[in-house]
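J.: Need a 3D model of the following:
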Amino acid sequence: MIRNIALVAHDARKLELVSWVKFNAGSLKDCTLYCTGTTGRLIGEALEEVLGNEAPEVHKMLSGPLGGDAQIGAMIAEGRVDMLVFFCDNLIMQGHQNDVMSLVRLASLYNVPFATNRSTADFIISSPLYRDPDYVPIIPSCIESYKNRKL
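T.: Presented below is the predicted three-dimensional model:
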């Protein structure tokens, strides 16, 4: 069951992510949300507007370029993120592009459902597996193999 969701958006896509969060507020209200800086403030305000005192807690990390992307990446590696929604601005190169690519790599490596656009985010959150308490993502065996590799 998805409980811990990381939400990230580049400046050009923040309003799109806020709109998605408002539309899916009912599905998000029982989750713990982790966001990078400004995105977290905007999402917190949007959820309070829609859900009032039922709004979930929004944990705000640093701004992405100041280390927030890296903080969320570390949470993925520690198994503390069940889903990542990252609305990227693919029209410009980001100053912290290495951190952006690290999030993509870690989400893929640790088998975390990962959406970079609204359609994919909608498919994930509307999946029956999203609320299934028996569903547990399979961590790839390559992770354990790498941890126990012989040098």
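
J.: so where do the helices sit in the protein?
T.: With DSSP state H, the ranges of helices along the chain come out as 14-23, 25-28, 37-51, 68-77, 97-109, 118-126, 141-147.

J.: Quick one: list the elements packing against the second one.
T.: The one in question is helix 25-28. Applying 3 or more C-beta pairs under 8 Å, 6 or more residues apart in numbering; DSSP states H and E, we find helix 25-28 packed against helix 37-51, helix 118-126. Heads up, the C-betas are built off the backbone N, CA and C, glycines and all.

J.: hmm, try it at 7 Å
T.: Secondary-structure packing of helix 25-28 (3 or more C-beta pairs under 7 Å, 6 or more residues apart in numbering; DSSP states H and E): helix 37-51.

J.: Can you mark which positions in the helix it packs on are buried?
T.: 37, 39-40, 42-44, 46-47, 50 (16 or more other C-beta atoms under 10 Å).

J.: Next, the angle from it to helix 14-23.
T.: Here helix 37-51 runs at an angle of 30 degrees relative to helix 14-23 (axes from the mean of the first three to the mean of the last three C-alpha atoms, to 10 degrees).

J.: Determine how far helix 37-51 lies from the middle of the whole chain.
T.: 15 Å (C-alpha atoms, centre = their mean, to the nearest Å).

J.: Restricting to C-alpha, output that helix in PDB.
T.: C-alpha atoms of helix 37-51 as PDB (Å, rounded to 0.1, in the frame of the first residue of the first chain):
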ATOM      1  CA  GLY A  37      10.900  23.500  -0.700                       C
ATOM      2  CA  THR A  38       8.500  25.800  -2.500                       C
ATOM      3  CA  THR A  39       6.600  22.800  -3.900                       C
ATOM      4  CA  GLY A  40       5.800  21.700  -0.400                       C
ATOM      5  CA  ARG A  41       4.500  25.100   0.600                       C
ATOM      6  CA  LEU A  42       2.200  25.300  -2.400                       C
ATOM      7  CA  ILE A  43       1.000  21.700  -1.900                       C
ATOM      8  CA  GLY A  44       0.300  22.300   1.800                       C
ATOM      9  CA  GLU A  45      -1.700  25.400   1.000                       C
ATOM     10  CA  ALA A  46      -3.700  23.600  -1.700                       C
ATOM     11  CA  LEU A  47      -4.500  20.600   0.500                       C
ATOM     12  CA  GLU A  48      -5.700  22.800   3.300                       C
ATOM     13  CA  GLU A  49      -7.900  24.700   0.900                       C
ATOM     14  CA  VAL A  50      -9.500  21.400  -0.300                       C
ATOM     15  CA  LEU A  51      -9.400  19.200   2.800                       C
END
